[in-house]
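> Make a model of this:
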Amino acid sequence: QVQLVESGGGSVQGGGSLRLSCAASGRTFSNYIMGWFRQAPGKEREFVAVISWSGSSTGYQDSVRGRFTISRDNAKNTLYLQMNSLKPEDTAVYYCAASRRSYNSDIYYQAQTYDYWGQGTQVTVSS
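This is a model prediction of the structure:
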């Protein structure tokens, strides 16, 4: 079992920045690929970003590439999402997730790839 707790959400004006954190406990954090997803009101949960066990490989949804950066600190069992140039359409609840599977670009964008989920943190971007 892996327990995940997100933090760092809040309200910000368009163009601003936020840094989300996801603290992991339980099994060895470095054994898991980690992802960020988000869900806006009335919409399905969507993939945002993913990072491999070591942090050497990352992937992003097209709409956030160049604005968001995913990273991890395995010594601190923590995942991060640095979000810059935020837009109102980034407003959503953001979730971190962990997967025991190998890093695979064919499946990492799918929610069913992930075994454990946090409770989410709200990000609200005003225009």
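> Across the sheet, point out what pairs with the spatially most central residue of the chain.
Centroid check for the chain by Cα atoms, centre = their mean gives residue 36 as the closest residue, at 2.0 Å. Beta-bridge pairing of residue 36 under DSSP bridges involves residue 49, residue 96.
> next one: residue 122
residue 93.
> so where do the strands sit in this protein?
For the chain, applying DSSP state E gives strands covering 2-7, 10-13, 18-26, 33-39, 46-51, 58-60, 68-73, 78-83, 92-99, 116-117, 121-126.
> Let me see the contact set for the residue nearest to the centre of the chain.
20, 22, 48-50, 70, 79, 81, 94-97 (Cβ atoms under 8 Å, 6 or more residues apart in numbering). Heads up, the C-betas are built off the backbone N, CA and C, glycines and all.
> How many residues are close by the nearest residue to residue 79 once chain neighbours are set aside?
Nearest residue to residue 79 in three dimensions, chain neighbours excluded: residue 22, at 4.0 Å (Cβ to Cβ, 6 or more residues apart in numbering). By the criterion of other Cβ atoms under 10 Å, residue 22 has 26 neighbours.
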